[in-house]
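# output the structure for:
(one chain, ligands or ions: 1)
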Amino acid sequence: MTDIPEDAAQRSPPAWRRLPALLAGVRRAALDALYPPICLHCSQAVSAPQALCPVCWRSLGFITRPCCERLGAPFAVDPGAGTTSPAAIADPPPWGRARAAVRYDGVARDLVHAMKFGDRPDIARLLGRMMATAGAELLADAELVTPTPLHRTRLWSRRFNQAAALAETVSRHGGRPMAPDILRRVRRTAPQVGLTRTARASNLRGAFAVASGARARIAGKRVLLVDDVMTSGATAAAATRALLKAGAAQVDVLTFALVVRAR
Ligand SMILES: [Zn+2]
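Numbers count the residues shown, from 1 in each chain. Predicted coordinates:
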């Protein structure tokens with residue numbers, strides 16, 4: 001290659017060096033032609049991969065302000081900026097702020113189920129991107145992003161840790177470091193489904209601990225805790241308490257969906 005003038009070589013790399021990129025482009029175009037992108041919920045054709053069709057997108061119950069600054073729950077009427085809901089005042093959560101992208105119903109519930117039980121990292125990437133947008137304020141203040149861990153035995157049976165997959169996308173989009181191994185589930189807990197709010201809290205008491213060796217990484221840090229759905233908040237509260245106990249300066253919670261109860 002020494003006979004190529006230096007300036008020409010800089011302007012345009014030789015054809016053989018561009019070949020892998022060209023082949024990758026051809027392969028992508030062929031795959032797109034064979035498998036046009038489809039809506040991740042209803043399988044209608046869509047223009048971009050890893051997206052929802054306009055009908056599914058519009059059916060999502062996006063949570064925007066006004067919402068409770070502490071719980072992230074939407075207000076039916078705007079009580080003014082920076083307001084905390086009566087529920088958060090009566091029973092203050094251990095975290096600073098919680099935010100969710102959407103209400104947990106309809107298409108949102110289907111997507112969470114498909115992601116959780118169907119091994120679907122493509123859905124996790126879409127939901128993670130939506131979370132990064134909804135939680136932009138929290139991400140801006142965060143110094144670390146960490147997922148809510150599954151217990152080892154549950155991770156084995158399910159294979160796919162949806163919270164870790166969501167946290168990875170949130171961390172990448174927010175430009176904040178991901179720390180996947182800070183929290184451990186030290187005790188296997190009974191499934192939360194069907195338990196009352198009080199029973200959920202006691203079921204999870206002491207369920208999480210900060211991994212030995214991770215304390216130095218979170219000491220004095222603002223941590224963003226990520227999970228797929230917030231129901232009663234008991235899981236997030238137990239994980240937050242473990243992080244605070246281990247020295248985190250502040251914990252915010254970001255989930256894809258929030259169970260919003262009719263009031
Ligand atoms: Zn659709």
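# how far away from the center of its chain is the longest helix along the chain?
Identified as the longest helix of the chain according to DSSP state H is helix 15-34. Its chain's C-alpha centre and that of helix 15-34 lie 32 Å apart, by Cα atoms, centre = their mean, to the nearest Å.
# which SSE is immediately downstream of it?
helix 54-59 (DSSP states H and E).
# that following helix near the ion anywhere?
Yes: judged by Cβ under 5 Å from the ion, helix 54-59 comes into contact with the ion at residue 56. All C-beta spots, glycine's among them, are computed from the backbone N, C-alpha and C.
# okay, buried residues for that helix please.
56, 59 (16 or more other Cβ atoms under 10 Å).
# kindly export that helix (C-alpha atoms) in CSV.
Provided in CSV are the C-alpha atoms of helix 54-59 (Å, rounded to 0.1, in the frame of the first residue of the first chain):
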residue,chain,number,x,y,z
PRO,A,54,-49.3,5.2,16.1
VAL,A,55,-52.5,3.5,17.5
CYS,A,56,-50.6,1.6,20.2
TRP,A,57,-48.5,4.7,21.0
ARG,A,58,-51.6,6.9,21.4
SER,A,59,-53.2,4.4,23.7
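# show residues contacting it.
39, 41, 42, 44, 106, 107 (Cβ atoms under 8 Å, 6 or more residues apart in numbering).
# try 7 Å this time
39, 41, 42, 106, 107 (Cβ atoms under 7 Å, 6 or more residues apart in numbering).
# now the residue of the stretch 101-250 of the chain found nearest the ion: which helix or strand?
Using Cβ to the ion, the single residue of the stretch 101-250 of the chain nearest to the ion is residue 107, 7.6 Å away. Assignment of secondary structure by DSSP H and E places residue 107 within helix 106-118.
# around the ion, pick out the residues from the stretch 51-200 of the chain.
Going by Cβ under 5 Å from the ion, the residues of the stretch 51-200 of the chain near the ion are 53, 56.
# do you have the helices of the stretch 51-200 of the chain handy? List them.
With helices called from DSSP state H, counting those that start in this stretch, the stretch 51-200 of the chain shows them at 54-59, 86-90, 106-118, 121-134, 136-141, 152-158, 162-174, 197-204.
# for residue 87, which residues are in contact?
residue 71.
# for the ion, see how far away it is.
Residue 87 sits 33 Å away from the ion when distances are taken as Cβ to the ion, to the nearest Å.
# residue 256 - that's part of a strand, no?
Yes: under DSSP: H, G, I helix; E, B strand; the rest coil, residue 256 falls within a strand.
# my read is that it contacts residue 131, right?
Yes: contact criterion Cβ atoms under 7 Å: residue 256 and residue 131 qualify, at 5.5 Å.
# what is in contact with the two at once?
Residues touching both residue 256 and residue 131 (Cβ under 7 Å, 6+ apart) are 101, 166.
# for residue 164, which non-adjacent residue is closest in space?
residue 147 (4.3 Å; Cβ to Cβ, 6 or more residues apart in numbering).
# which residues touch the residue lying closest to residue 85 once chain neighbours are set aside?
Nearest non-adjacent residue to residue 85, counting by Cβ to Cβ, 6+ apart: residue 68, 3.7 Å away. Applying Cβ under 7 Å, 6+ apart to residue 68 gives the contacts 75, 84, 85, 88.
# ChimeraX command for the buried members of those?
Buried residues among these (16+ other Cβ under 10 Å), as a ChimeraX selection:
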select :85,88
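# got the contacts of residue 68 as a markdown table, with pLDDT and distance to residue 181 columns?
Shown next, in a markdown table, are the contacts of residue 68 (pLDDT from 0 to 100; distance: Cβ to Cβ, whole Å):
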| residue | pLDDT | distance to residue 181 |
| --- | --- | --- |
| 75 | 90 | 37 |
| 84 | 92 | 33 |
| 85 | 91 | 34 |
| 88 | 93 | 31 |
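# residue 224: helix or strand, and which one exactly?
In this assignment (DSSP H and E), residue 224 forms part of strand 222-230.
# could I get the phi/psi values of residue 40?
phi -70, psi -10 (degrees, to the nearest 10).
# state the distance from the nearest residue to it once chain neighbours are set aside to residue 166.
Nearest residue to residue 40 in three dimensions, chain neighbours excluded: residue 123, at 5.4 Å (Cβ to Cβ, 6+ apart). With distances taken as Cβ to Cβ, to the nearest Å, residue 123 is found 10 Å from residue 166.
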